[in-house]
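In: sequence unknown, structure follows:
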Ligand SMILES: Nc1ncnc2c1ncn2[C@@H]1O[C@H](COP(=O)(O)OP(=O)(O)OP(=O)(O)O)[C@@H](O)[C@H]1O
Ligand SMILES: O=P(O)(O)OC[C@H]1O[C@H](OP(=O)(O)OP(=O)(O)O)[C@H](O)[C@@H]1O
Ligand SMILES: O=C(O)c1cccnc1
């Protein structure tokens, strides 16, 4: 059987082999994972994927089949393959917990291990965290406009593969969805599964009314009838009312019942349907909607006064259609030469792309009274901020915008938590329920200005003075080589 050890790019393995023969594969180093822009032109990113990542790192090893395949390529030598037989993760990983809100340039995850382990992990680690954070962020944008409405993830059939569907559904929960139609996600992650019926069910019976009655007979407690197969207002809603009335008379009408609309003008149809339900004595009939929805359309439908309180969101969420990739990167921040740690940067003509050197963490500053976030400061590990002293925020990018946060008015939180230490898993992943509750609290730490869909405020993120100085010093030294 092939394993996830092969879920990587060829160049990682060729570099690993090269370093092995150069005797450098065991060199200790530090890599950071961060991203440069929030997806969807948004004001934040919701971190997700850590549980998946832990599972991947814990289990990483090369099977006999993996090794046989590597040999068959003709690229890898037996001595290196022998070494890979014993490969497992021996390093340390520090990460922001799933559900955390994060911002560009911040270290979301720091890996301290050997060169070869860092190389092997990079591709899969980036894939997992980029994908799951992207979908969790999209879902959170939907939640932010949906208020307390029910959000159902319906995307599996349009997902780009099984893994994207399964882990995407989990990420949607971290972003604030209530459930999914995806059964494997439900089974694997203990998520609530939800669903209605397809047009094919309605079309399988001589009449829509018969289709509704039969469904109600089998599923009297979960009764959302698809009302748009033929004519929503002239037939679908009246047929639904007939079934609700029959159930009410029989004393079997459940507390949660209603219809789903999947085409036409969802605002108009939902308002008309609600009026018809109310006139028939069913004012609490739920109106669910689906049809290529996303956060923008839901916001627009709400502006139009729609009577929808349950939303099925598929394609646009599971594929993150309007921002389909997250550009998170994994860059070396330093390496040990003997016992000495040498911080490193990746140079670029584009100032934004120059990486931050050193072993870093992120300190988050909250207003003590409101609990809202004020800023993030990227620090060199070990640096502290004393909340009993004034804090001066001053970015080296925009020094003229400096400001003081008065002593005693703020709290400080360290964002990266130890996950693996020297190969040992030291972190107990929270349950999905706990992650969801934490993710809700996290988004509440942002003022609405950071959450709006269009042109949100940019969170204040700066380097500490020591980090800025170190970066400047390395940049100056590197630049001197090209004078
Ligand atoms: N009131 C509305 N305002 C804005 N967009 C809407 C409104 N009602 C529906 N939409 C959206 O417009 C898009 C097109 O919907 P429409 O039902 O016209 O096309 P359709 O999906 O091709 O329908 P059908 O299944 O009948 O062919 C969908 O994304 C839908 O969610
Ligand atoms: O529109 P999305 O956000 O992607 O949500 C999922 C869609 O999948 C279903 O349609 P489909 O036409 O695949 O099947 P159906 O016959 O059940 O309507 C459902 O009715 C939604 O329209
Ligand atoms: O249960 C539903 O209504 C459903 C599930 C998947 C896709 N579309 C709709």
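Out: Looks like it came in fine. Bear in mind that the values here come from a model prediction, so they are computed numbers and not experimental data. Ligands and ions are numbered 1, 2, ... in the order given.
In: Ends of stretch 318-330, what's the gap?
Out: 24 Å (CA to CA, to the nearest Å).
In: Give me the buried stretch members for it, please.
Out: For stretch 318-330, a neighbour-count test (16 or more other CB atoms under 10 Å) marks 318-320, 323, 326, 328-330 as buried. C-beta: built from backbone N, CA, C; applies to glycine.
In: residues from the stretch 151-300 of the chain in reach of ligand 2?
Out: 154, 157-158, 198-200, 262, 290-293 (CB under 6 Å from any ligand atom).
In: Which of those residues fall within helices?
Out: 199-200 (DSSP state H).
In: quick one: which two of the residues of the stretch 151-300 of the chain next to ligand 2 are the most distant?
Out: Farthest-apart pair in these is 200 and 293; separation 21.0 Å (CB to CB).
In: Neighbour count for those two, which is higher?
Out: The neighbour count for residue 200 versus residue 293, taken as other CB atoms under 10 Å, is higher for residue 293 (24 against 10).
In: Run through the helices of the stretch 151-300 of the chain in chain order.
Out: Applying DSSP state H, counting those that start in this stretch to the stretch 151-300 of the chain gives helices spanning 162-174, 183-189, 199-203, 208-218, 237-250, 266-279, 295-303.
In: Tell me how far the nearest residue to residue 468 once chain neighbours are set aside lies from residue 352.
Out: Of all residues not flanking residue 468 in the chain, residue 396 sits nearest, at 4.8 Å (CB to CB, 6 or more residues apart in numbering). Distance, residue 396 to residue 352, using CB to CB, to the nearest Å: 13 Å.
In: between the two, which one's more packed in?
Out: Neighbour comparison, residue 396 and residue 352: the larger count goes to residue 396, with 13 against 10 (by other CB under 10 Å).
In: Doesn't that one lie inside a strand?
Out: No: counting by DSSP: H, G, I helix; E, B strand; the rest coil, residue 396 is located in no strand; its state is coil.
In: Could you give the backbone dihedrals for it?
Out: phi -70, psi -20 (degrees, to the nearest 10).
In: So for this protein, the centremost residue is which one?
Out: The centroid of the chain falls nearest to residue 133 when counting by CA atoms, centre = their mean (2.2 Å).
In: and the closest residue to ligand 2 within the stretch 301-450 of the chain, how many neighbours?
Out: Using CB to the nearest ligand atom, the single residue of the stretch 301-450 of the chain nearest to ligand 2 is residue 314, 2.7 Å away. Residues lying near residue 314 (other CB under 10 Å) number 21.
In: So it versus ligand 1, what's the distance?
Out: 11 Å (CB to the nearest ligand atom, to the nearest Å).
In: Name the nearest residue to residue 124, sequence neighbours excluded.
Out: Nearest one to residue 124, counting by CB to CB, 6+ apart, is residue 7 at 4.9 Å.
In: Contact partners for the closest residue to residue 272 other than its chain neighbours?
Out: What sits nearest to residue 272 in space, not counting adjacent residues and going by CB to CB, 6+ apart, is residue 233, at 5.5 Å. Applying CB atoms under 8 Å, 6 or more residues apart in numbering to residue 233 gives the contacts 269, 272-273, 276.
In: What of residue 136?
Out: 46-48, 98-99, 171-172, 174-175, 439.
In: Same list (the buried residues of stretch 318-330) but as a markdown table, adding distance to residue 121, secondary structure and pLDDT.
Out: Putting the buried residues of stretch 318-330 into a markdown table (distance: CB to CB, whole Å; DSSP: H, G, I helix; E, B strand; the rest coil; pLDDT from 0 to 100) gives the following:
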| residue | distance to residue 121 | secondary structure | pLDDT |
| --- | --- | --- | --- |
| 318 | 26 | helix | 98 |
| 319 | 26 | coil | 98 |
| 320 | 24 | coil | 98 |
| 323 | 25 | coil | 97 |
| 326 | 18 | coil | 95 |
| 328 | 14 | coil | 93 |
| 329 | 14 | strand | 95 |
| 330 | 8 | strand | 95 |
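In: hmm, back to that, and the residues of the stretch 151-300 of the chain next to ligand 2, which of them are buried?
Out: Applying 16+ other CB under 10 Å to these, the neighbour count classes 154, 158, 262, 290-291, 293 as buried.
In: Nearest to residue 455 among those?
Out: residue 293 (22.2 Å).
In: Please name the bridge partners of the nearest residue to that closest one once chain neighbours are set aside.
Out: Excluding the flanking residues, the one nearest residue 293 by CB to CB, 6+ apart is residue 313, at 5.0 Å. Counting by DSSP bridges, residue 313 is bridged to residue 153.
In: roughly how far apart are residue 313 and residue 157?
Out: For residue 313 relative to residue 157 (CB to CB), the value is 13 Å.
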